[in-house]
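Chemist: quick check, what structure comes out for this input:
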Amino acid sequence: MTPKVTTVPKADAERAATLRDELHRYNHAYHVLDDPLIPDAEYDRLFAELQRLEQAHASLKTIDSPTNRVGAPPLESFHQVKHRLPMLSLGNAFSEEELQAWHERLQGRLGDDENLIACSAEPKLDGLAVSLTYKDGVFVQGATRGDGFTGEDITTNLRTLAALPLRLQEHGAPAGQNSAGKNTKGKIQIPELLEVRGEVFMHKAAFTALNESQEASGQKVFANPRNAAAGSLRLLDSSITASRNLSIFIYALGEMSDDVASPAEHSAVLDWLQQLGFPVCDQRALCNGPQQCFSYYLSVQSQRQQLPYEIDGVVFKVNELALQQQLGFVSRAPRWAIAQKFPAEEAVTVLQSVDFQIGRTGALTPVARLEPVAVGGVTVSNATLHNMDEIERKDIRINDTVVVRRAGDVIPEIARVLLERREAKVEGGKRARRYKIKMPDTCPVCGSAVEQSADEAVARCTGGMSCIAQRKESIKHFASRRAMDIDGLGDKLVEQLMDEGLIDRVEELFGMSATALEALPRMGKKKVANLLQALEKAKATTLARFIFALGIREVGETGAANLATHFSDLARLRAAGIEELEAVPDIGPVVARSIVDYFSNQDYSTSVDALLEAGITWPVEQPQQSESDKPLSGHVYVLTGTLSHMKRDEAKQMLLAKGAKVTGSVSAKTTALIAGDAAGSKLEKAEKLGVAIMDEEQMRDLLGLS
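Modeler: Here you go, the predicted structure:
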């Protein structure tokens, strides 16, 4: 039977088109220009009218309809999107001297030490970078940055952003020439294909309102606006995203078809994009040379607290696009751009108490419990105290007034004590008592004795595997990315599994049933299936990874790799004595003693046996290579930044297998620095020392992978 075709009345089609045009114009005026043209009630009336027409005639709803901003049915997952052009990270500068050095490097590469370089400047928003694609002026796809080459398709969620144009403006430019030098005759020329890059963020007021709503409904509050924005964009239910009041600024041009000429300068590009209807940050400026750049930086820093959104620095870009092309990139980061970051933020609060956390090796770490205080857009109530030596050096006491410092995502720390407040009197004329912080004699978790050897700054719980805190931390380490890399088994899930009694020891991970897991809160069938699949996949590993995953005290990744290479067999390693272990490169007497003690311990030995019985295997290692099989013997490499084709620790293991030494810092003895995406201070140090710099492709050639 042929389906009945319904004809849309001409009047309804024309009215829907008129409403879309009007709502786009009103929306842009309200959210981008901050210049409302009609009252909210009138906007709501027109919006509801368009919704009624689209509900009556489904064919009237276009992909650029303003009604798409309310969200769509929940998705099952996000698809992957390969970026047309890589989304690059930026190098950082933290001082005026580093900014000056960047400018001088640019001059040197351009062969012009006399003329200052003009830079476009704008605040560096603390949000989530996205790519937006428009075809014939209509928004068709949006994606997260991801790894810089591939991101997640979040088109449906991005459509809910009120400030994001779903269709670019064809009108609005004055007659004459636009920034691209084209004769506009009152119209903006729209390219057939246009891709732009932007930053999605949440205004401070919207963040406060969201957390108040979350708290009132008994849901988790967000740590800061960036986390709230990022989390909201990655929700599978876009109707929730629509309720979060996200905003966006466009900051760069991506790929563009050649039917329209783009401007020749970055500042003109931003002006042109703004004419097309994109929201662009108003705080941008044009600076000539490093002194003007740093003056702009200081000016923005002074306004930071008054801005309606969070920023963590400013970005400078060489303004002339032809010079950007000439300068090029290093390790997939542009030479022509740099982020000048703000210094760590500080706030004053009171140290209320100190708890001691137990690590996987029994180490006790003091943690400060603070009177909650806002530092850099985040409410901080805990801070690291590092160790007892640090506490004594800074003379930190309970009830002291302290300065808390936070830099980016670094764990907050107590920078110093305000000693002048220690003698201050409180209400009633009495001074608040200050209590010295003391290391407990027994473990606060299991009650075992706490001991500290003369050659260590760390005190440890002696409970070993009888201490549940040590078992928890050991399992977290075992599952971590650089160890067994069990996808989906994060710290919170490990805590949940142990608290609910599903596991008590690491080997029990591989004996969990789907039925027991599905009975846990927030563990649906799909999540459980994925976890069990990840556990099964993790059983096929390498000897080096397994040794590292065991969490033997003092044995890091490099030590584990050296042990695997030297012994090639776990049984040989377990039977090795002190002297035999000390023959392994980089294994000294302290590490050797830790290894012997570990495998001599009945609890740990039983656990290793059980893991092997659970099915953990690895390829049989070849005996230790001769020097002729180690072409990189005697060479020293440093890895920095993010690699696109492999994890950095994988590259490290490959270099080690070929005889190279991989260190964490650049020195005159370094053979080469291998710089990935977002390389920072190590890259600058290598350039200053004249150390060779390799990108990822050159490293792959070195390893014979190309």
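
Chemist: those strands in the stretch 51-200 of the chain, which residues are they?
Modeler: 80-82, 91-93, 118-125, 128-135, 138-144, 150-152, 193-202 (DSSP state E, counting those that start in this stretch).

Chemist: so which residues make contact with the fourth one?
Modeler: Outside strand 128-135, the residues that touch it by CB atoms under 8 Å, 6 or more residues apart in numbering are 81, 83-84, 87, 139-145, 151, 154, 158, 164, 168, 190-201, 226, 229-230, 233, 248, 250, 254. C-beta here means a position set from N, CA and C on the backbone, and glycine is covered the same way.

Chemist: filter the residues you listed to the buried ones?
Modeler: In the contacts of strand 128-135, burial by neighbour count holds for 81, 83, 87, 139, 142-145, 151, 154, 158, 164, 168, 190-191, 193-201, 226, 229-230, 233, 248, 250, 254, counting by 16 or more other CB atoms under 10 Å.

Chemist: same list (the strands of the stretch 51-200 of the chain) but as JSON lines, adding distance to Thr365 and mean pLDDT.
Modeler: Below are these laid out as JSON lines (distance: least, CB to CB, whole Å; pLDDT from 0 to 100):
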{"stretch": "strand 80-82", "distance to Thr365": "39", "mean pLDDT": "86"}
{"stretch": "strand 91-93", "distance to Thr365": "29", "mean pLDDT": "83"}
{"stretch": "strand 118-125", "distance to Thr365": "33", "mean pLDDT": "95"}
{"stretch": "strand 128-135", "distance to Thr365": "32", "mean pLDDT": "93"}
{"stretch": "strand 138-144", "distance to Thr365": "34", "mean pLDDT": "92"}
{"stretch": "strand 150-152", "distance to Thr365": "36", "mean pLDDT": "86"}
{"stretch": "strand 193-202", "distance to Thr365": "33", "mean pLDDT": "94"}
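
Chemist: could I get those in TSV, plus columns for distance to Pro66?
Modeler: TSV is the format used below for the strands of the stretch 51-200 of the chain (distance: least, CB to CB, whole Å):
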stretch	distance to Pro66
strand 80-82	24
strand 91-93	39
strand 118-125	25
strand 128-135	16
strand 138-144	12
strand 150-152	25
strand 193-202	19
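
Chemist: closest one to Cys461 among those strands?
Modeler: The minimum distance between Cys461 and the strands of the stretch 51-200 of the chain falls on strand 91-93, with 38.9 Å, by CB to CB.

Chemist: can you name every helix or strand that that closest one contacts?
Modeler: helix 96-110, strand 337-341, helix 681-689 (3 or more CB pairs under 8 Å, 6 or more residues apart in numbering; DSSP states H and E).

Chemist: what's the most buried one of the ones you listed?
Modeler: Among these, the stretch with the highest mean neighbour count (mean count of other CB atoms under 10 Å) is strand 337-341, at a mean of 22.

Chemist: give the buried residues for the helix or strand just after it.
Modeler: Moving toward the C-terminus from strand 337-341, the next helix or strand (DSSP states H and E) is strand 345-358. By neighbour count with 16+ other CB under 10 Å, strand 345-358 contains the buried residues Glu345, Glu346, Ala347, Thr349, Leu351, Val354, Phe356, Ile358.

Chemist: nearest to Thr617, of those?
Modeler: For these, the nearest to Thr617 is Ile358 (31.7 Å; CB to CB).

Chemist: host element of the closest residue to the closest one other than its chain neighbours?
Modeler: Nearest non-adjacent residue to Ile358, counting by CB to CB, 6 or more residues apart in numbering: Ala469, 3.6 Å away. Ala469 is part of helix 468-479 when elements are defined by DSSP H and E.

Chemist: what's that helix packed up against?
Modeler: Counting by 3+ CB pairs under 8 Å, 6+ apart, helix 468-479 packs on strand 345-358, helix 491-499.

Chemist: which residue ranges of the stretch 601-706 of the chain form strands?
Modeler: So, for the stretch 601-706 of the chain - with DSSP E, counting those that start in this stretch - the strands run 636-640, 661-663, 672-675, 692-694.

Chemist: how about the stretch 451-600 of the chain?
Modeler: 460-461.

Chemist: what is the helix or strand bottoming out on mean pLDDT in the chain packed up against?
Modeler: Scoring the helices and strands of the chain by mean pLDDT, DSSP states H and E places strand 329-330 at the bottom, with a mean of 77. Of the remaining helices and strands, none touches strand 329-330 by 3+ CB pairs under 8 Å, 6+ apart.

Chemist: give the partner strands of the following helix or strand past it in its sheet and their orientations.
Modeler: Toward the C-terminus, strand 329-330 is succeeded by strand 333-334 as the next helix or strand (DSSP H and E). Strand 333-334 has these partner strands in its sheet, going by DSSP bridges: strand 329-330 (antiparallel).

Chemist: contacts for the strand it pairs with?
Modeler: Identification of contacts with strand 329-330 by CB under 8 Å, 6+ apart yields Leu88, Arg335, Ala675, Ala679, Leu683, Ile693, Asp695.
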